[in-house]
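> Take a look and give me a structure for this.
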Amino acid sequence: MSEIDSGNTAWMLAAAALVLFMTPGLAFFYGGLTRNKNVLATIMQSFITIGVVAVLWVLVGYSLAFGPDQGLGLIGNFDYIGLKDVGPEPIANGVPHLLFMAFQMMFAIITPALITGAFAERAKFGPFLVFTALWSLLVYVPIAHWVFATDGWLSAFSSNPDAPDIGLNSLDFAGGLAIHVNAGVAAIAAVLVFGKRKGYGSMAMEPHDITMVVLGAAILWFGWFGFNAGSAVGATGQAVYAFVNTNIAAATAALVWTLISWRMGGKPSVVGAASGAVAGLVAVTPASGYVEPMSALLIGAGAGVFCYLAVRARARLGFDDSLDVVGVHGVGGAWGAIATGIFAAAAVSGLPYAEGVIEGEWSRLTDSLIGIAAIGAYSFVVTFGLLKGLDLLVGIRVSEEEEELGLDVTQHGERAYTLDESGVPLAPGPVLPAPPVTYTPSAAPSGGR
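Model prediction:
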């Protein structure tokens, strides 16, 4: 048995922690974008996802995602159920198997959390928990096997040393397809099932705390170094490329989005700068360990343009994707996958078949397009079915009365901010008492509508 590499292991421990830190960062990013009556509920949706997915991942999710392939590259098996035979023995680059499992757990956690931005301010908490559990097992786990696992049908890695490039090779270094395209398309299905927020298009729904948005974006940016560079599974030269490319793409996209919003709207948007940075991070995710830094700059610039235009188009169409999951993650992830097929260079990854159109290899681009189409179709159909089924069974959307009062009080019995602590008595009326509070809906319909 090979020995544990202390340097690679130390880096992967740090990278796993960085990726987990991204989910609270996402909670702040999303929470700041909502109205103040829904901020706790929005943060809770990301935070509690850590609990739901972590438990499922160690029980069965990791085994199905990364267990030996059961044929056709579709799903793993139960060899690792309950983390059976997953211990400190080293695997790739001398990194313990248990640590690799933990690193992948953090990816499994943040993916369903991304979707919550699409139905922010209108979801019942109980059905949301059920949806998160089912979606993780039925959507994320199979797609993770397709893309990341050895012998997955979209994976760039094969267990056959004589044919490492057999079949399709959708180059996805850290999750542009498996995470961002997956979550972005699932968000489309979620918006279609949930419908628009009450008053959408006729009343202001501005972010309640843009400082929180910028803080969340900064935490995401910081954590993304673990997300991308950690996907090299070691402190390697490829990890350095991924680290540098991550920063270049995010910085470029933030700048480009700011300049476009300044030109189009007359003022340089702070929310736009934060959203642009996230769009750049999303777009470089599949490419980070496969492309040169100047290509990462072009990928970031493209993300700034394409994601900005997608968000503008969403607004014009009246599509109530509350926090622009589709425009930032769906479009950004798709552009990143396509760009990887264009700019990939074997000199970065060391894989002779990891070359894109610029290097004369068109098949990597077609592989990326197949990956986008297959993952998008599967994610949409299963997500739509899950949400529609839950809606028919228990109702997934809060009543209009609950939506008007806000999810913080009606779903959690708490308020994010109490502004009445000066001792001034409050007149009777619509002002709710400070937590804990008991809310009783008045004859809300069973379907929540």
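> mind listing what's buried in the helix ranked longest in the chain?
Counting by DSSP state H, the longest helix found in the chain is helix 363-393. By neighbour count with 16 or more other C-beta atoms under 10 Å, helix 363-393 contains the buried residues 364-365, 367-368, 371-372, 374-376, 378-380, 382-384, 386-387, 390-391. Where you see a C-beta, it was placed from the backbone N, CA and C, and this is true even at glycine.
> what's the helix or strand hosting S63 packed up against?
Using DSSP states H and E, S63 maps to helix 62-66. Helix 62-66 is packed against helix 97-115, helix 141-148, with contacts defined by 3 or more C-beta pairs under 8 Å, 6 or more residues apart in numbering; DSSP states H and E.
> can you give me the angle the longest one makes with helix 141-148?
Yep, that's helix 97-115 we're talking about. 120 degrees (axes from the mean of the first three to the mean of the last three C-alpha atoms, to 10 degrees).
> Any buried residues in helix 97-115, and which?
Buried-residue list, helix 97-115, by 16+ other C-beta under 10 Å: 97, 99-115.
> what does the shortest one give?
Within helix 141-148, the residues that qualify as buried are 141-148, counting by 16+ other C-beta under 10 Å.
> quick one on the thing from earlier: alpha carbons of the helix holding S63, as CSV, please.
Once non-C-alpha atoms are left out, helix 62-66 reads as follows in CSV (Å, rounded to 0.1, in the frame of the first residue of the first chain):
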residue,chain,number,x,y,z
TYR,A,62,-20.9,8.7,-2.1
SER,A,63,-21.2,5.0,-2.9
LEU,A,64,-23.6,5.5,-5.7
ALA,A,65,-21.6,8.5,-7.1
PHE,A,66,-18.1,7.1,-6.8
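> give me phi/psi at A123?
phi -100, psi 140 (degrees, to the nearest 10).
> and it, bridged to which residues?
R397 (DSSP bridges).
> In this structure it contacts R397, no?
Yes. Using C-beta atoms under 8 Å, A123 makes contact with R397 at a distance of 6.6 Å.
> what is in contact with those two at once?
Common contacts of A123 and R397 (C-beta atoms under 8 Å, 6 or more residues apart in numbering): F194.
> Sketch out the low-pLDDT regions of the stretch 101-250 of the chain for me.
Within the stretch 101-250 of the chain, not a single segment meets pLDDT under 70.
> Enumerate every residue touching H329.
Per C-beta under 8 Å, 6+ apart, neighbours of H329: 114, 180-181, 183-184, 187, 282.
> Make JSON lines from the residues you listed and add secondary structure and distance to G266 to it.
As requested, the contacts of H329 are exported to JSON lines (DSSP: H, G, I helix; E, B strand; the rest coil; distance: C-beta to C-beta, whole Å):
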{"residue": "L114", "secondary structure": "helix", "distance to G266": "31"}
{"residue": "H180", "secondary structure": "helix", "distance to G266": "31"}
{"residue": "V181", "secondary structure": "helix", "distance to G266": "33"}
{"residue": "A183", "secondary structure": "helix", "distance to G266": "32"}
{"residue": "G184", "secondary structure": "helix", "distance to G266": "29"}
{"residue": "A187", "secondary structure": "helix", "distance to G266": "29"}
{"residue": "V282", "secondary structure": "helix", "distance to G266": "27"}
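> May I ask which two of those residues are separated the most?
A187 and V282 (12.8 Å; C-beta to C-beta).
> Now M44: closest residue in space that isn't a chain neighbour?
Distance criterion C-beta to C-beta, 6 or more residues apart in numbering; nearest residue to M44, sequence neighbours excluded, is H412 at 6.5 Å.
> just T9 next, same as before
V95 is the one closest to T9 (C-beta to C-beta, 6+ apart), at 5.6 Å.
> What backbone torsions are found at the one you found?
Dihedral angles (degrees, to the nearest 10) for V95: phi -90, psi 130.
> what's the neighbour count on it?
The local packing of V95 (other C-beta atoms under 10 Å) involves 20 other residues.
> Correct me if wrong: it contacts M12.
Yes. Counting by C-beta under 8 Å, M12 is a contact partner of V95 at 5.2 Å.
> Need the overlap of contacts for those two.
233-234.
> re the thing from before, any chance of JSON lines for the contacts of H329, columns distance to E206?
Shown next, in JSON lines, are the contacts of H329 (distance: C-beta to C-beta, whole Å):
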{"residue": "L114", "distance to E206": "22"}
{"residue": "H180", "distance to E206": "26"}
{"residue": "V181", "distance to E206": "29"}
{"residue": "A183", "distance to E206": "24"}
{"residue": "G184", "distance to E206": "24"}
{"residue": "A187", "distance to E206": "21"}
{"residue": "V282", "distance to E206": "24"}
